[in-house]
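Asker: My questions are about this predicted structure, shown below with the sequence.
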Amino acid sequence: MTVDAHKETLGFQTEVKQLLHLMIHSMYSNKEIFLRELISNASDASDKLRFEAIATPALLENQPDLRIRISADPAANTLTIEDNGIGMSRQEVIDHLGTIAKSGTAAFMQQLTGDQKKDSQLIGQFGVGFYSAFIVADKVEVFTRRAGLPAEEGVHWESAGEGEFSIATIEKPERGTRIVLHLKAAESEFADGFRLRNVVTKYSDHISLPIELPKQHHGEEKDAPTEPEWESVNRASALWTRGRTEVSDDEYKEFYKHVAHDFEDPLSWSHNKVEGKLEYTSLLYVPGRAPFDLYQREAPRGLKLYVQRVFIMDDAEQFLPLYLRFIKGVVDSNDLSLNVSREILQKDPAIDSMKSALTKRVLDMLEKMAKKEPEQYATFWKAFGSVMKEGPAEDFGNREKIAGLLRFASTAQTDDSEVVSLDAYLERMVEGQDKIYYLTGERYAQVKNSPHLEIFRKKGIEVLLLTDRIDEWLMSHLSEYKGKQFVDVARGDLDLGKLEGEEDKQEQEKAAQEKADLVKRIQEVLKDDLQEVRVSHRLTDSPAVLVINEDDMGLQMRRILEATGQKAPESKPILEINPAHPLLDRLDGEQDEERFGDLSRILFDQAALAAGESLNDPAAYVRRLNALLVELSR
């Protein structure tokens, strides 16, 4: 593998090989995005140099003016993008250009579908913008040197995108990175100066440092074989510092793609300048799709932080709570110290005030989207709904506001793709209803057909159906909404309040008295498995149902704990029986105690299956059921 001490040939990770194949062979509707990605990377490199130079001014190497230069050689069919930013060391080149951006390789490969058109949409999601160069190039060279390293520690990286790359130590007097794209024969349009200017203006006008191209004269590139005369072709002003009326929607969208490294447009954005005791500008975006690491709570997240337009950090996580970790954007403050470190930032009292205001701004933006653009909000909820459900536990002060943004399936809908807000639920409550009823479970089909819903269907009461793994945990932190208490229909002794008349209550008491002996017999058989047996008023069609005690842990939380290797606290369910069901009459008349025991256990196991639980002894259940079927067939 090693050629000599200074040059070696290395293989890409297997995942990168597949990615490069995808890049090279997929059909892109818009190939020019590769230039946007490379310019964005160059801009990031300059931001990082500015930040490091705050503490170490020598890194600027007497070249404080940062810029990006783009040039083309039509004769050689090459395109060069050069920056004088932070640059890379040899190890950084191997780390960044030999692997898929930092993390997520496994997640990336899991999402590949085999459909090239669909797969190509994943590229931006995984932060692999550099590799987009292979859309138009059949060979890519990178010449780079990290600021602060001596000239003889420059690095030359080269690859044809066919499974391996070479890396060599070279002399590079100037810091920064120069990328040379050897264009494919069919992509010679990107060696044309006018074409390049149009692409830069279209996609990268918002970049806050100059993007320079050789000056043009009389419609042609100036013929200057030595040093060309450069001119800036972008505004080179930070977009967020401009007034909202000065920025077009297309510019906002392109800036989002720059800060989020996403190929798709955002769903919404909010641009705001705050003046007074605290002065800062924020530009916040709601993405249109979830990133691959959304559920990795420890993954890098946060806003790009600038202080007086000087870049400080990429992932400033202190400005938004964890449940809003999908929000992208920029915050630029006049009030934070330039020598700020992560630890100091966490203790700065201004941060709490900014975090509170930015959180409210995001929630207001989502609320506006939900009211005025319900289709957009449906897209948002599908992508980020489960993360928003973390909110009520993490952000007590905004709990009710967050609850208004939540969406749930319910018995009023035809399937789980249709969801309702809590406000819509309150509007549909029947006369006399003063509670919000819900049911949690593992799968939609299970909860939709649960015996717990029978009395609610009979009385025309809507019940929310919660099937996300996080839902039971969510409801433990969301006790009420707009004065209406939440009630789990599978927990405790169901009290329908004014929805039950005196006649209903009298019938229940009468049934309980009539079946008291049967309840005792079943209790004796199942005493090791149950907390108690009682007559139910939840059921109209099913013979029995399992109920969780008011203070016990539900099935969802138990499975979450078990999945993390923790042991859930022991508890036993309650079995409620339907006194009006023929099976209970049959059981009540059974004189053979052994047979009574088998039938009682079948009844219990069926109730457990209907609740979504696993049986402790499935073989015994099958044996008892088969024996019953054989007897009935005689």
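Answerer: Received, thanks.

Asker: So the chain: which segments form each domain?
Answerer: Following automatic domain parsing, the chain resolves into domains at 7-234, 241-378, 406-499, 502-551+567-633.

Asker: Any idea how far apart the tips of the third one sit?
Answerer: Counting by CA to CA, to the nearest Å, the length from the leading to the trailing residue of domain 406-499 is 26 Å.

Asker: three-state assignment of residue 182?
Answerer: Per DSSP: H, G, I helix; E, B strand; the rest coil, the local secondary structure of residue 182 is strand.

Asker: Show me the shaky parts of the stretch 251-400 of the chain.
Answerer: Scanning the stretch 251-400 of the chain with the threshold set as pLDDT under 70 gives 337-347.

Asker: what are the ranges of the strands in it?
Answerer: When assigned using DSSP state E, counting those that start in this stretch, the strands of the stretch 251-400 of the chain occupy the ranges 268-274, 280-286, 303-307, 310-316, 328-333.

Asker: Name the helix or strand for residue 598, please.
Answerer: Taking DSSP states H and E as the definition, residue 598 sits inside helix 593-610.

Asker: Contacts for that helix, please.
Answerer: 446, 450-451, 521-522, 525-526, 529-530, 542-546, 573, 575, 577, 583, 586-587, 590, 614-615, 620-621, 624-625, 627-628 (CB atoms under 8 Å, 6 or more residues apart in numbering). The way it works is simple: take the backbone N, C-alpha and C, and place the C-beta from them, glycine included.

Asker: Recalculate using a threshold of 6 Å.
Answerer: If you take CB atoms under 6 Å, 6 or more residues apart in numbering as the criterion, helix 593-610 is touched by 451, 522, 525-526, 544-546, 587, 590, 615, 621, 624.

Asker: Reformat those as TSV; add pLDDT.
Answerer: As requested, the contacts of helix 593-610 are arranged in TSV below (pLDDT from 0 to 100):
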residue	pLDDT
451	91
522	89
525	88
526	87
544	89
545	89
546	89
587	86
590	79
615	84
621	84
624	86
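
Asker: Between these, identify the one with the most neighbours.
Answerer: Tallying neighbours with other CB atoms under 10 Å puts residue 522 at the head of the contacts of helix 593-610, with 27 neighbours.

Asker: Tell me who's in contact with that residue.
Answerer: Contacts of residue 522 by CB under 6 Å, 6+ apart are 533, 600.

Asker: Next up, the contacts around residue 253.
Answerer: residue 265.

Asker: again with residue 437
Answerer: Applying CB under 6 Å, 6+ apart, the residues contacting residue 437 are 463, 487, 489.

Asker: a strand runs through it, doesn't it?
Answerer: Yes - Residue 437 forms part of a strand when assessed by three-state DSSP.

Asker: per-residue pLDDT, it?
Answerer: You'll see residue 437 listed with a pLDDT of 94.

Asker: do you know how far the closest residue in space to it that isn't next to it in sequence is from residue 502?
Answerer: Nearest residue to residue 437 in three dimensions, chain neighbours excluded: residue 463, at 4.6 Å (CB to CB, 6 or more residues apart in numbering). Distance from residue 463 to residue 502, counting by CB to CB, to the nearest Å: 24 Å.

Asker: Compare these two (neighbour count), which wins?
Answerer: Between residue 463 and residue 502, residue 463 has the larger neighbour count (other CB under 10 Å), namely 24 against 7.

Asker: for the more buried one, what are its contacts?
Answerer: Residue 463 sits in contact with 411, 437, 439, 453, 456, where contact means CB under 6 Å, 6+ apart.

Asker: Return the helix or strand in this protein with minimum mean pLDDT.
Answerer: Lowest by mean pLDDT, DSSP states H and E among the helices and strands of the chain is helix 122-125, with a mean of 46.

Asker: Mind listing what's buried along the helix or strand following it?
Answerer: Next helix or strand after helix 122-125 toward the C-terminus (DSSP H and E): strand 137-145. Neighbour-count burial for strand 137-145 flags 137, 139-145 (criterion: 16 or more other CB atoms under 10 Å).

Asker: for the residues you listed, which one is nearest residue 44?
Answerer: residue 144 (13.8 Å; CB to CB).

Asker: how far away is that closest one from residue 93?
Answerer: 6 Å.

Asker: Find residues that contact each of the two.
Answerer: residue 155.

Asker: Make a markdown table out of the contacts of residue 463 and add distance to residue 469.
Answerer: Putting those into a markdown table (distance: CB to CB, whole Å) gives the following:
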| residue | distance to residue 469 |
| --- | --- |
| 411 | 21 |
| 437 | 21 |
| 439 | 15 |
| 453 | 21 |
| 456 | 24 |
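
Asker: just so I know, which of the strands of the stretch 251-400 of the chain lies nearest residue 417?
Answerer: strand 280-286 (21.0 Å).

Asker: Run the angle between that closest one and strand 328-333 for me.
Answerer: In terms of direction (axes from the mean of the first three to the mean of the last three CA atoms, to 10 degrees), strand 280-286 departs from strand 328-333 by 170 degrees.
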